[in-house]
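Chemist: Here is a sequence together with a model predicted from it:
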Amino acid sequence: MPIARRLLLSYLSITLLILLLLEIPLAIFYGQREKDRLSSGLAGDAAILSTYFEDALEGNSQLDPTAAEEYSTRTRARVVLVDQAGISLFDTSAGAPGSRLDAPRRDFSTRPEIAKALTGTRVVTTRPSETLNTDLFLVATPIASSGEVLGVLRLSLDSQEVAARVHRLWMALATIGVVALGLVAAVGSFLSREISRPLRELNESVQQFAAGDYSVPQRSPSSVSEVVALSDSFDSMAKQLAELIALQREFVADASHQMRTPLTSLRLRLENLQARVAEGEEPEVAALIGEVDRLGVLVGDLLRSAQAVESAERTRADLGEIGCSRVETWQAYAESAGVELLAAGA
């Protein structure tokens, strides 16, 4: 995997980890805070609404559920008012507005929050509702006068309201996380390319070096000290190797030039000798001239290699013919040493 992609994945992984460490506790805290805020809000609303019904429960005035109905319409909370026996006086979920005082009475005394509130204790709780198949936030506030409990006002709200608020927060946090990851991806992609660019250029220099070009190219400056040190080391190695190869080529070229003159002189002497040798010895001199020619070709190849003008051309050769010529060359030496040379298939 390219280093730029590794760096980008590292940036995204770190950002994602930070977002998870920050957003998950924040969402949990916000969800709990929403529940506490809802509970305290319902408790305050219940205390305010209960003042509207205190005189009516004492028998001093007629019960007016208008304030409770307006509150239920505004907050979608259910408002229930019961008397001392736990019998409903009105219920915002029973009947249409304006006719709820005439709705059938229900016994709420079996509800745990109502039963406890009738003892004079305010109840703020959450419990599941079997009829509604959901969890309810409940606040039951006793309405008392002169130490006597006259009734109970209960507010209930579906927990789905709080769940919807928490869900909206989760969606907002998720959106923020996605945007943050997108920004980090854009910035990280730019930074990773900038960081890896000197390495890519160094890799191109290595490939150029492997192809035989030992020159030191100009590369973009890097702020990473390790990359700078690696580039400097490579450039130093390339310079030293280029100098060594230049010295080697110079030596080979000089040696080749120095060997050409004596080889040419030796060939001329052998050609002159060939005209004066006894009959039957001409092949031996011709073989020596051939060896001198081969040595001249070898010296020429060394010179071309040193000058790096062109590579030696590949040609087809008859190995049998080469073998026979070698046997002829060394036959005299072999016979003097008592060794017989044979060329199979000759």
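Modeler: Noted; the coordinates are in hand. Residues are numbered from 1 along each chain as shown.

Chemist: Alpha carbons only: can I get the helix or strand bottoming out on mean pLDDT in the chain in PDB?
Modeler: Within the chain, no helix or strand scores below helix 319-336, which has a mean of 73 by mean pLDDT, DSSP states H and E. Taking C-alpha atoms only, helix 319-336 is exported to PDB below (Å, rounded to 0.1, in the frame of the first residue of the first chain):
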ATOM      1  CA  LEU A 319      30.400 -23.600 -31.400                       C
ATOM      2  CA  GLY A 320      31.800 -26.600 -33.400                       C
ATOM      3  CA  GLU A 321      33.900 -24.300 -35.500                       C
ATOM      4  CA  ILE A 322      35.100 -22.400 -32.400                       C
ATOM      5  CA  GLY A 323      36.000 -25.700 -30.700                       C
ATOM      6  CA  CYS A 324      38.000 -26.900 -33.700                       C
ATOM      7  CA  SER A 325      39.900 -23.600 -33.900                       C
ATOM      8  CA  ARG A 326      40.800 -23.900 -30.200                       C
ATOM      9  CA  VAL A 327      42.000 -27.500 -30.800                       C
ATOM     10  CA  GLU A 328      44.200 -26.300 -33.700                       C
ATOM     11  CA  THR A 329      45.600 -23.500 -31.600                       C
ATOM     12  CA  TRP A 330      46.600 -25.700 -28.700                       C
ATOM     13  CA  GLN A 331      47.500 -28.800 -30.600                       C
ATOM     14  CA  ALA A 332      51.300 -28.100 -30.800                       C
ATOM     15  CA  TYR A 333      51.500 -27.400 -27.000                       C
ATOM     16  CA  ALA A 334      49.400 -30.500 -26.300                       C
ATOM     17  CA  GLU A 335      51.700 -32.800 -28.400                       C
ATOM     18  CA  SER A 336      54.800 -31.400 -26.700                       C
END
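
Chemist: For it, which helices and strands make contact with it?
Modeler: With contacts defined as 3 or more Cβ pairs under 8 Å, 6 or more residues apart in numbering; DSSP states H and E, the packing partners of helix 319-336 are helix 282-307. Just so you know, the C-beta spots here come from the backbone N, C-alpha and C atoms, and that holds for glycine as well.

Chemist: Specify the angle between the helix it packs on and helix 319-336 in degrees.
Modeler: 120 degrees (axes from the mean of the first three to the mean of the last three Cα atoms, to 10 degrees).

Chemist: now for helix 282-307, which elements pack on it?
Modeler: By 3+ Cβ pairs under 8 Å, 6+ apart, helix 282-307 packs against helix 225-274, helix 319-336.

Chemist: could those helices go into TSV alongside mean neighbour count and distance to residue 73?
Modeler: Formatted as TSV, these follow (neighbours: other Cβ atoms under 10 Å; distance: least, Cβ to Cβ, whole Å):
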stretch	mean neighbour count	distance to residue 73
helix 225-274	13	69
helix 319-336	13	109
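
Chemist: can you redo these as a markdown table with distance to residue 296?
Modeler: As requested, these are arranged in a markdown table below (distance: least, Cβ to Cβ, whole Å):
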| stretch | distance to residue 296 |
| --- | --- |
| helix 225-274 | 5 |
| helix 319-336 | 16 |
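
Chemist: Looking at the ones you listed, which is nearest to residue 302?
Modeler: For residue 302, the closest of the helices and strands packed on helix 282-307 is helix 225-274, at 4.9 Å, according to Cβ to Cβ.
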